[in-house]
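# sequence-free structure coming up:
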């Protein structure tokens, strides 16, 4: 975290001991003032980028602060929050529970920043046109009977292809397939954009597919998917990860702040704590970036211009 009115690099030639003490005193006093440079971590998925881009536009215009966006995968973002290289995570899916416990409960270098207002949901999905023709696929128990429908040249004999998520995403698909004894082979798609491209092509061609998928996700407004029901999630059913034999838990997405920033970040910290919007609102900005090909700043500017009544409530009270 960088504090406001920071002592810039200037020549101190001729400054005596009293001058240096005065400088130190001034620096200590600035610790209580608002931050004029804030670093937000941004995971690789476009929904999380939407949060950060909107926050950046509003903070720079309304709070007169400089905002830096730093793309980091979830575990690394927690380390950056701990060591002060980043000030906030605006969308956490609970994928690094050990680091959360270490930094929040033990080291106390990170604090909770409140709900983002968006609930994350992960599951396995197939296109509705396929589920309508093959209703048995609506539960995991029907997968093996229909696995051949998903087979490809790379899926292996007798197995269907499962479109996997980006490596940095929270996934239990490998142990799920193994522990439920499913005839599926995971195809690594590499990143969100590549997975979306493959889904769009298969959907356009009306081909069957089964994939890891989630909400919030802007593409859900353009395609109709049906969830494959996995065994019910129960607390502890995915711990350890290798023993996972259940569905993903629904996750109210959370914000986290560096502890020093939360205490001394002034209006910037208060704004980020207040930042809370809906899944639909996030999807609007994400779609502008991913589908409409607006730049992140342009997509955020557009949303901010059209939703003043929403974001004004996030501003610190005077």
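All right, it came through fine. Nothing here was measured: the structure is a model prediction, and the numbers come from that model. Numbering: from 1, shown residues only.
# Now do residue 232: how many residues are near it, please.
Neighbour count for residue 232, taken as other CB atoms under 10 Å: 8. (Glycine included, C-beta is placed from N, CA and C.)
# show me the contacts for it.
Taking CB atoms under 8 Å, 6 or more residues apart in numbering, we find residue 232 in contact with 246-247.
# next one: residue 303
54, 281, 284-285, 288.
# Go again with 7 Å.
Applying CB atoms under 7 Å, 6 or more residues apart in numbering, we find residue 303 in contact with 54, 284-285.
# continuing past the helix or strand residue 81 falls within, what's the next helix or strand?
Applying DSSP states H and E as the criterion places residue 81 in helix 74-83. As assigned by DSSP H and E, the chain's next helix or strand after helix 74-83 is strand 88-92.
# Just give me how far that following strand sits from the chain centre.
7 Å (CA atoms, centre = their mean, to the nearest Å).
# Strand partners (parallel or antiparallel) of it?
Note on strand 88-92: by DSSP bridges, its sheet partners are strand 37-42 (parallel), strand 251-258 (antiparallel).
# The longest one vs helix 74-83, what angle?
The one in question is strand 251-258. 30 degrees (axes from the mean of the first three to the mean of the last three CA atoms, to 10 degrees).
# where along the stretch 1-150 of the chain do the helices fall?
Counting by DSSP state H, counting those that start in this stretch, one finds helices in the stretch 1-150 of the chain at the ranges 17-30, 46-62, 74-83, 97-100, 128-133, 143-146.
# Could you work out which of the ones you listed reaches nearest to residue 236?
helix 97-100 (12.3 Å; CB to CB).
# which helices and strands sit right next to the closest one?
helix 74-83 (3 or more CB pairs under 7 Å, 6 or more residues apart in numbering; DSSP states H and E).
# contacts for the helix it packs on?
41, 43, 72, 86, 89, 92, 95-96, 99-100, 103, 107, 109-110, 168, 256, 258.
# domain assignment for this structure?
Per automatic domain parsing, the structural domains of the chain span 34-118+251-314, 120-243.
# Next, give phi and psi for residue 189.
phi -90, psi -20 (degrees, to the nearest 10).
# Burial check on it, number of neighbours?
20.
# Contacts only, for residue 250.
119, 121.
# among the helices of the stretch 1-150 of the chain, which is the most enclosed?
helix 46-62 (a mean of 23; mean count of other CB atoms under 10 Å).
# name the helices or strands packed onto that one?
Helix 46-62 packs on strand 37-42, strand 66-71, strand 88-92, helix 266-274, helix 279-290, helix 296-306, going by 3+ CB pairs under 7 Å, 6+ apart.
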